[in-house]
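# no sequence for this one, just the structure:
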């Protein structure tokens with residue numbers, strides 16, 4: 001499952017641009033609303049809502065906006081009814097794309113995604129065509145300079161992590177979603193500084209492509225993520241290191 005940190009690096013570099021475009025709060029609000037609707041408005045008993053609120057706070061989303069998103073999800077105030085959607089697609093060079101969204105109009109967003117894919121060298125796939133490539137996992141990224149690998153391995157495994165890999169300048173800790181918070185909180189209590197933490201779709205294997213092909217895929221992913229109804233786009237592309245250097 002190595003290679004996730006490259007994808008995460010791209011995503012985090014894009015974070016500032018997402019915020020500047022003013023779409024980040026909207027996406028965070030939808031995630032909070034759907035989490036509250038599915039698991040209730042009390043974060044103590046709703047792990048997904050806790051994580052969504054944490055990400056919103058990290059993005060400096062106003063507390064009142066968070067409160068309204070929770071209320072909207074629970075039906076306490078008026079707002080469009082939203083649902084989660086998943087689309088499976090192929091990008092340039094046969095790269096698998098798993099596209100996750102939250103929308104109040106599934107037909108509209110499906111049409112928009114098809115249009116983006118068609119003009120960017122991709123195409124929509126049938127249900128199940130690429131989902132088998134991915135596994136839902138919690139991923140924690142930690143700088144290799146902050147802790148010895150053996151010490152981190154001992155702590156992480158004792159807390160319930162499944163695996164740890166070294167990927168360039170980062171350790172990647174993989175953990176089942178049910179154990180995610182326990183591992184994350186346990187490491188933080190031991191003073192481990194976590195660079196990023198997320199529950200996402202991690203590929204079982206990666207496709208190696210050249211930098212030019214990777215740029216095409218990244219342009220497609222960026223176009224998809226421009227859509228306000230799209231929350232995440234997961235790919236099994238192994239991003240070439242030289243391309244990361246250009247972006248960084």
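Arrived safely. Just so it is clear, the structure is predicted and the values come from calculations on it, not from any experiment.
# if I pick the spatially closest residue to residue 162 that is not a sequence neighbour, what's in contact with it?
With C-beta to C-beta, 6 or more residues apart in numbering as the criterion, residue 162 has its nearest non-adjacent residue at 5.1 Å, and that residue is residue 174. Heads up, the C-betas are built off the backbone N, CA and C, glycines and all. Neighbour list for residue 174: 1, 137-139, 161-165, 202 [criterion: C-beta atoms under 8 Å, 6 or more residues apart in numbering].
# Where do the domain boundaries of this protein fall?
4-73, 83-132+206-241, 134-203 (automatic domain parsing).
# The last one - what's its average pLDDT?
Mean per-residue pLDDT for domain 134-203: 91.
# do the same with the first one
On average, the pLDDT along domain 4-73 is 82.
# from the chain's centre, how far out does it sit?
Put simply, domain 4-73 sits 11 Å off its chain's centre (C-alpha atoms, centre = their mean, to the nearest Å).
# Now do the helices in this protein.
4-20, 24-39, 47-58, 63-73, 106-118, 149-159, 180-189, 211-226, 241-247 (DSSP state H).
# got these as TSV, with distance to residue 132 columns?
TSV is the format used below for the helices of the chain (distance: least, C-beta to C-beta, whole Å):
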stretch	distance to residue 132
helix 4-20	18
helix 24-39	24
helix 47-58	24
helix 63-73	31
helix 106-118	20
helix 149-159	27
helix 180-189	22
helix 211-226	20
helix 241-247	27
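# Out of the ones you listed, the one nearest residue 131 is which?
helix 106-118 (15.6 Å; C-beta to C-beta).
# Show me what the closest one is in contact with.
83, 85, 87, 89, 91, 99, 101, 103, 122-124, 220, 223-224, 227, 229-230.
# just stretch 180-199 next, same as before
For stretch 180-199, using C-beta under 8 Å, 6+ apart, the contacting residues are 8, 12, 47, 50-51, 136-143, 146-147, 152, 155-156, 159-161, 170, 173, 175, 177.
# still on that earlier bit, tell me which of the helices of the chain is the most buried.
Ranked by average neighbour count under the criterion mean count of other C-beta atoms under 10 Å, the helices of the chain are headed by helix 24-39 at a mean of 21.
# elements contacting it?
helix 4-20, helix 47-58, helix 63-73, strand 96-103, strand 230-235 (3 or more C-beta pairs under 8 Å, 6 or more residues apart in numbering; DSSP states H and E).
# what's the angle from the longest strand belonging to the chain to strand 96-103?
Identified as the longest strand of the chain according to DSSP state E is strand 134-143. Strand 134-143 runs at 90 degrees relative to strand 96-103, counting by axes from the mean of the first three to the mean of the last three C-alpha atoms, to 10 degrees.
# what packs against strand 134-143?
Strand 134-143 packs on helix 4-20, strand 170-175, helix 180-189, strand 196-203, going by 3+ C-beta pairs under 8 Å, 6+ apart.
# Give me the buried stretch members for it, please.
Residues of strand 134-143 classed as buried: 134, 137-142 (neighbour count, 16 or more other C-beta atoms under 10 Å).
# swap in stretch 117-132?
For stretch 117-132, by 16+ other C-beta under 10 Å, it's 117, 120-122, 124-125, 130.
# Narrow those residues to those in strands?
Per DSSP E, the subset of the buried residues of stretch 117-132 in strands is residue 124.
# Give the bridge partners for the residue nearest to residue 162, please.
When assigned by DSSP bridges, residue 174 has beta-bridge partners residue 139, residue 163.
# quick one: it from residue 159, how far?
Separation of residue 174 from residue 159 (C-beta to C-beta, to the nearest Å): 13 Å.
# cool, residue 103 as well?
36 Å.
# what does residue 171 give?
14 Å.
# got it, and residue 143?
Taking C-beta to C-beta, one finds residue 143 at 19 Å from residue 159.
# Next one: residue 228 from residue 76, what distance?
Applying C-beta to C-beta to residue 228 and residue 76 gives a distance of 23 Å.
# Neighbour count for those two, which is higher?
residue 228 (17 against 12; other C-beta atoms under 10 Å).
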